[in-house]
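Undergrad: from the sequence below, what's the structure:
(one chain, ligands or ions: 2)
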Amino acid sequence: MRISIVGSGYVGTTVAACFADLGHDVINIDIDETVVETINAGEAPIHEEGLSELIVEHAGPEGTGRLRATTDYDAVVDTKVTFLCLPTPQNDDGSIDLSIMEAGASQLGETLADAADWHTVVVKSTVVPGSTPDTITPILEVESGKTAGEDFGVGMNPEFLREGTAVHDFLNPDKVVLGADDDRALEDMRSVFDPLVEAADAPVVETDTRTAEMIKYANNSFLAAKVSLINDIGNICKELGVDAYEVADAIGLDDRISEQFLQSGVGFGGSCFPKDVRAIISAAEGTGYDPAVLNAAIDVNNRQPERLVALLADHLDGEFEGAQIAVLGLAFKPGTDDMRNSRAIPVIRDLQARGATVTAYDPVAADNAPDYVDDVTYADSAAAALEGADGAVIVTDWDEFAALDEEFDAMATPIVVDGRRIIERRDGIVYEGLTW
Ligand SMILES: NC(=O)C1=CN([C@@H]2O[C@H](COP(=O)(O)OP(=O)(O)OC[C@H]3O[C@@H](n4cnc5c(N)ncnc54)[C@H](O)[C@@H]3O)[C@@H](O)[C@H]2O)C=CC1
Ligand SMILES: O=C(O)[C@H]1O[C@H](OP(=O)(O)OP(=O)(O)OC[C@H]2O[C@@H](n3ccc(=O)[nH]c3=O)[C@H](O)[C@@H]2O)[C@H](O)[C@@H](O)[C@@H]1O
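TA: Ligands and ions are numbered 1, 2, ... in the order given. Presented below is the predicted three-dimensional model:
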């Protein structure tokens, strides 16, 4: 099937490359010319395991030609289904900012005015319940001069991939959620997903657009709250002299709890959990409901970076002035160069506010870091960051940090505060785990 994907970021590029791999003819539309040129040159515009190979195979000069990128929305007319994979950031008050979606829907609607045939538009971005039927559909109708359900269809298909394992997650979904308010749109979505559903033997949930939108927030809220709950328990463990990881291993054996998302530490970051939990809190508050547990999840998450720095402060007798602190890890999780809402940001700012100078190292995210933090020296290796440091904090659980050993001996004072349980406790290091 010929499909178009609007937005070529972490979701759009992954989805476009994977759909091309599943046999569809895919056009990826983005306003960023560099991104478009990169894809058309057969290269991945973002760091994601397995993505470069797919882009070489389907967009590269020797490739299948099933993936092509453009800045031109008119390309949509040659396709049958369009997925909107545009950013849905937050306003200052935490509520969802739909302006980019509105701009994309507006451009798409103008293009659809010229479409002779039925076309289905699918919202893949994470949007609060009601956004698709109440905001996106009316824009498409006004700009195209057509009627939803009669001339074109609208669906909502939330995405559950994780950054770092995006290609694997997309191709091996736990579930595929297809939300639609009319049968033809649903039928088109089924046709797009058939090859994936068959290859992955994935369960399909068919529902209306509002419910599909809410399923996404419920999924992310549940996981974010689970991380905050294990962090709350972890903080209690630390205060009481108990190892939270031993506790988590045991409770994770209970199928009702499961072992996943029980790693306590410096908290959740990324472009989704913090923003999505705040957006659904805001939507709930708009109805007059106070979502107490979700507010607590954000509150606990905000406190973990402070607790990490406070543990280091204890070992430096509160004296950060003139201290050189190594920060290992900048990305919000391993496997990605994404620093959006990384816990490294509050950790670095807190250290600097207390008077420390910061030398940071991350295997892939350092180039993005200056957009988020100032006055940081970037080292080429963990060893270089640690050399001469008065203390170190571990913010991201990159595998390579687990192999660090004698590098700590080159520190001026080998104090290591581990926010991700990645470093081995050993003689010669003053080691503090955040929740163990
Ligand atoms: N990042 C993730 O792991 C996941 C994200 N999501 C959701 O998917 C949506 C997209 O997120 P990301 O891919 O992370 O965003 P992103 O920020 O990585 O990429 C968005 C892309 O859209 C382009 N763009 C902006 N305005 C445009 C316009 N008017 N027309 C065409 N292109 C335009 C940008 O140039 C950029 O390349 C969000 O709603 C997010 O919450 C859902 C699941 C996973
Ligand atoms: O909506 C989204 O964008 C995505 O958000 C998350 O994916 P992602 O943010 O890429 O990464 P996760 O692996 O979920 O990690 C999020 C944060 O939680 C932290 N985390 C995760 C698990 C854990 O046990 N402990 C913990 O602190 C990670 O370090 C990271 O900072 C969800 O897992 C995806 O299903 C969803 O599609």
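
Undergrad: give me the number of neighbouring residues for residue 72.
TA: When neighbours are counted by other C-beta atoms under 10 Å, residue 72 registers 10. Heads up, the C-betas are built off the backbone N, CA and C, glycines and all.

Undergrad: got the residues of the chain near ligand 1?
TA: Residues of the chain lying close to ligand 1 (C-beta under 6 Å from any ligand atom) are 6-12, 29-32, 35, 85-88, 100, 103-104, 125-126, 159, 161, 163, 271-272.

Undergrad: what about those, which are in strands?
TA: Among the residues of the chain next to ligand 1, the members falling in strands (DSSP state E) are 6, 29.

Undergrad: among the residues of the chain next to ligand 1, the buried ones, what's the PyMOL command?
TA: Buried members of those can be picked out in PyMOL with the line below, counting by 16 or more other C-beta atoms under 10 Å:
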select buried, resi 6+7+8+9+10+11+12+29+30+31+35+85+86+87+88+100+104+125+126+159+161+163+271+272
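
Undergrad: near ligand 2, from the residues of the chain next to ligand 1?
TA: 126, 159, 161, 163, 272.

Undergrad: return the distance of the residue in the stretch 1-150 of the chain that ligand 2 sits nearest to relative to residue 208.
TA: When scored by C-beta to the nearest ligand atom, the stretch 1-150 of the chain has residue 126 as its residue closest to ligand 2, at 5.7 Å. Relative to residue 208, residue 126 is positioned 17 Å away (C-beta to C-beta, to the nearest Å).

Undergrad: residue 139 is in contact with residue 109, isn't it?
TA: Yes - at 5.8 Å, residue 139 counts as touching residue 109 under the criterion of C-beta atoms under 8 Å.

Undergrad: out of those two, which sits in the busier spot?
TA: Set side by side, residue 139 and residue 109 give different neighbour counts by other C-beta under 10 Å, the larger being at residue 109 (23 against 19).

Undergrad: that one and ligand 1: what is the separation?
TA: Counting by C-beta to the nearest ligand atom, to the nearest Å, the gap between residue 109 and ligand 1 amounts to 12 Å.

Undergrad: before we move on, what about residue 400?
TA: In this structure, residue 400 lies at 23 Å from ligand 1, with C-beta to the nearest ligand atom as the measure.

Undergrad: quick one, phi psi at the residue lying closest to that residue once chain neighbours are set aside?
TA: Nearest non-adjacent residue to residue 400, counting by C-beta to C-beta, 6 or more residues apart in numbering: residue 363, 6.5 Å away. Recorded main-chain torsions at residue 363 are phi -60, psi -30, according to degrees, to the nearest 10.

Undergrad: from now on call the first residue 114
TA: Yes, from this point I'll number from 114; that puts the last item at residue 476.

Undergrad: so which two of the ones next to ligand 2 among the residues of the chain next to ligand 1 are the farthest from each other?
TA: Comparing all pairs in these by C-beta to C-beta, the longest separation belongs to 239 and 276, at 13.5 Å.

Undergrad: can you show me the strands along the stretch 364-513 of the chain?
TA: Assigned strands in the stretch 364-513 of the chain, in chain order: 437-441, 470-474, 489-491, 504-507 (criterion: DSSP state E, counting those that start in this stretch).

Undergrad: wait, what's in contact with whichever residue of the chain sits closest to ligand 1?
TA: For the chain, the nearest residue to ligand 1 under the criterion C-beta to the nearest ligand atom is residue 122, separated by 1.7 Å. In this structure, residue 122 makes contact with 143, 159, 198, 200, judged by C-beta atoms under 8 Å, 6 or more residues apart in numbering.

Undergrad: ok, now with 10 Å
TA: With contacts defined as C-beta atoms under 10 Å, 6 or more residues apart in numbering, the neighbours of residue 122 are 143, 145, 148, 158, 159, 198, 199, 200, 238, 384, 451.

Undergrad: repeat for residue 519
TA: When contacts are counted by C-beta under 10 Å, 6+ apart, residue 519 touches 496, 541.

Undergrad: any idea of the pLDDT on it?
TA: Per-residue confidence (pLDDT) for residue 519: 94.

Undergrad: count of residues packed around the closest residue to residue 444 other than its chain neighbours?
TA: Nearest residue to residue 444, sequence neighbours excluded (C-beta to C-beta, 6+ apart): residue 478, at 3.9 Å. Counted with other C-beta under 10 Å, the neighbours of residue 478 add up to 25.

Undergrad: gap between residue 478 and ligand 2?
TA: 12 Å.

Undergrad: now swap in residue 455 and tell me
TA: Note on residue 455: its distance to ligand 2, by C-beta to the nearest ligand atom, is 7 Å.

Undergrad: who touches the residue in the stretch 314-463 of the chain positioned nearest to ligand 2 in this structure?
TA: Each residue of the stretch 314-463 of the chain has a distance to ligand 2, by C-beta to the nearest ligand atom, and the smallest belongs to residue 385, at 2.9 Å. Each residue near residue 385 by C-beta under 10 Å, 6+ apart is listed here: 123-124, 201, 239, 272, 275-276, 329, 333, 336-337, 392, 445, 453-454.

Undergrad: go again with 8 Å.
TA: Residue 385 is in contact with 239, 333, counting by C-beta under 8 Å, 6+ apart.

Undergrad: repeat for residue 418
TA: Each residue near residue 418 by C-beta under 8 Å, 6+ apart is listed here: 379, 380, 456, 459, 460, 463, 532.

Undergrad: could those be laid out in a markdown table, adding neighbour count, pLDDT and distance to residue 350?
TA: Compiled in a markdown table, the contacts of residue 418 are given as follows (neighbours: other C-beta atoms under 10 Å; pLDDT from 0 to 100; distance: C-beta to C-beta, whole Å):
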| residue | neighbour count | pLDDT | distance to residue 350 |
| --- | --- | --- | --- |
| 379 | 30 | 98 | 15 |
| 380 | 28 | 98 | 16 |
| 456 | 28 | 98 | 19 |
| 459 | 22 | 98 | 22 |
| 460 | 29 | 98 | 21 |
| 463 | 19 | 98 | 23 |
| 532 | 30 | 98 | 15 |
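
Undergrad: among those residues, which lie within helices?
TA: Filtering the contacts of residue 418 for membership in helices, criterion DSSP state H, returns 459, 460, 463.

Undergrad: tell me the buried residues in stretch 345-356?
TA: For stretch 345-356, using 16+ other C-beta under 10 Å, the buried residues are 345, 346, 347, 348, 350, 351.

Undergrad: surely residue 140 is in contact with residue 178?
TA: No - using C-beta under 8 Å as the test, residue 140 is too far from residue 178 to be in contact (11.4 Å).

Undergrad: buried set for stretch 530-542?
TA: Buried residues in stretch 530-542, counted by 16+ other C-beta under 10 Å: 530, 531, 532, 533, 534, 535, 536, 542.
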